[in-house]
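Novice: here is a sequence together with a model predicted from it:
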Amino acid sequence: MIKPFIKRFPSGAFGVCLFNVVAFLCLERLGLALTVALAYAVDIAYVVLVARLTRPEPPEDALATPVAGG
């Protein structure tokens, strides 16, 4: 239960840092609402990218199995 948390914590902490950097750089120029929206968008894009890059690859057998009914 704790192992997945420890494994993902560094990438999650970096996502928080990205949010804060975007907020720091954009708050005065864009205002609060746009800055928060942009910071969340950057953070979500980062999380999706990390999830795709760290996704385990399926075994080779799964790729060669034909799909039934198709």
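Specialist: Ah, there it is.
Novice: and Glu57, which of the three is it?
Specialist: At Glu57 the chain is in coil, as set by DSSP: H, G, I helix; E, B strand; the rest coil.
Novice: list phi and psi for it.
Specialist: phi -80, psi 140 (degrees, to the nearest 10).
Novice: what's around it, how many residues?
Specialist: Using other CB atoms under 10 Å, Glu57 has 7 neighbouring residues. Yep, even glycine has a C-beta here, placed from its N, CA and C like the rest.
Novice: next SSE downstream of the host helix or strand of Phe19?
Specialist: Taking DSSP states H and E as the criterion, Phe19 maps to helix 2-30. Once the chain leaves helix 2-30, the next helix or strand it forms, by DSSP H and E, is helix 32-53.
Novice: circling back to that earlier point, show me what the helix holding Phe19 is packed against.
Specialist: In terms of contacts (3 or more CB pairs under 8 Å, 6 or more residues apart in numbering; DSSP states H and E), helix 2-30 is packed against helix 32-53.
Novice: what's the angle from the helix it packs on to helix 2-30?
Specialist: Interaxial angle, helix 32-53 versus helix 2-30 (axes from the mean of the first three to the mean of the last three CA atoms, to 10 degrees): 150 degrees.
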